[in-house]
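>>> Here is a sequence together with a model predicted from it:
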Amino acid sequence: AQSVTQLDSQVPVFEEAPVELRCNYSSSVSVYLFWYVQYPNQGLQLLLKYLSGSTLVESINGFEAEFNKSQTSFHLRKPSVHISDTAEYFCAASPSGGYNKLIFGAGTRLAVHP
Amino acid sequence: NAGVTQTPKFQVLKTGQSMTLQCAQDMNHEYMSWYRQDPGMGLRLIHYSVGAGITDQGEVPNGYNVSRSTTEDFPLRLLSAAPSQTSVYFCASSRFPSYNSPLHFGNGTRLTVT
């Protein structure tokens, strides 16, 4: 069965520092990968997704993620974080791209401190 | 556009009581789904629907019923609430049931069963 593992439950970081949120997936077939962000008391919002093609994908607010097939990873990075990036981040994977097969990781809480 | 609207925002039930969590979307989305979010476990799919009159089970359907009589509404029913159903519930919808259209989430319903 497919699974998604987020290696850190909490990541504290100072403002303007770089951050990496780690995600590994297990899948024997092609996989579609997603990062979602959840701000306090809100639903999830899509941050970025990998479907095919270039292994580096970017979001509009400075995050990027790299698909590494050999390491089955899809880590999320940002070179300089802001206080407003404080949120919970979820990695998700689907073997077919269908939402009924979307598997979420347990989430990583990013806390940005001044 | 209201997007995905969930009601109520908070609910406390006693064991054995029944209730319905409401979900409505005004985007003419075909795909609708219900997730539960528990600490350390990410989101898990309860039920989903690919159109009016069509529903199917997700990963954790036991104890929950759904129906889809209209495109706009997708209520989730708890027939006999149990403490194990204490969770945050999210409704999500999409134009299509796969990655080629984004998944929109409501703001959630926090349910406590005592």
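Okay, I see it.

>>> For the rest of this, base every contact and every neighbour count on C-alpha atoms.
Will do.

>>> Now do the helix or strand of chain A with the lowest mean pLDDT: everything it contacts.
Among the helical and strand segments of chain A, the one scoring lowest on mean pLDDT, DSSP states H and E is strand A:56-58, with a mean of 86. Here strand A:56-58 makes contact (CA atoms under 8 Å, 6 or more residues apart in numbering or on different chains) with A:Leu48, A:Lys49, A:Tyr50, A:Glu64, A:Ala65, A:Glu66, A:Phe67.

>>> Same question for stretch B:46-64.
A:100, B:30-36, B:44-45, B:66-71, B:76-81, B:96-97.

>>> which intervals of the chain have sub-threshold pLDDT?
I'll assume chain A. Along chain A, segments meeting pLDDT under 70 span A:1, A:28-29.

>>> was after chain B, sorry
Scanning chain B for pLDDT under 70 picks out the ranges B:1.

>>> Need the contacts of strand A:56-58 in CSV (columns: neighbour count and distance to A:Gly105).
Listed next are these as CSV, based on neighbours: other CA atoms under 10 Å in any protein chain shown; distance: CA to CA, whole Å:
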residue, neighbour count, distance to A:Gly105
A:Leu48, 19, 15
A:Lys49, 23, 15
A:Tyr50, 21, 16
A:Glu64, 21, 18
A:Ala65, 27, 15
A:Glu66, 16, 17
A:Phe67, 23, 16
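
>>> Now render these as a markdown table, adding distance to B:Thr5.
Below are the contacts of strand A:56-58 laid out as a markdown table (distance: CA to CA, whole Å):
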| residue | distance to B:Thr5 |
| --- | --- |
| A:Leu48 | 23 |
| A:Lys49 | 25 |
| A:Tyr50 | 28 |
| A:Glu64 | 30 |
| A:Ala65 | 30 |
| A:Glu66 | 33 |
| A:Phe67 | 34 |
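
>>> Of the contacts of stretch B:46-64, grab the buried ones for ChimeraX.
In ChimeraX syntax, the buried subset of those is picked out as below (16 or more other CA atoms under 10 Å in any protein chain shown):
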select /A:100 /B:30,31,32,33,34,35,36,44,45,66,67,68,71,76,77,78,81,96,97
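
>>> Cross-reference the contacts of stretch B:46-64 with the strands and report the matches.
Among those, the members found in strands (DSSP state E) are B:Tyr31, B:Met32, B:Ser33, B:Trp34, B:Tyr35, B:Arg36, B:Arg44, B:Leu45, B:Val66, B:Leu76, B:Arg77, B:Leu78.

>>> Which element, helix or strand, includes residue 110?
In the absence of a named chain, chain A is used. strand A:108-113 (DSSP states H and E).

>>> my bad, chain B
Assigned by DSSP H and E, B:Arg110 falls in strand B:109-113.

>>> Now do that strand: distance to the chain's middle.
12 Å (CA atoms, centre = their mean, to the nearest Å).

>>> Is chain A within reach of it?
No. Using CA under 8 Å from any CA of the partner chain, strand B:109-113 never reaches chain A; the gap is at least 9.8 Å.

>>> Can you tell me which helices and strands that strand packs against?
Under the contact definition 3 or more CA pairs under 8 Å, 6 or more residues apart in numbering or on different chains; DSSP states H and E, strand B:109-113 sits against strand B:10-13, strand B:87-94.

>>> can the first one be found next to chain A?
Right, the one you point to is strand B:10-13. No. Counting by CA under 8 Å from any CA, chain A is not contacted by strand B:10-13; separation bottoms out at 11.4 Å.
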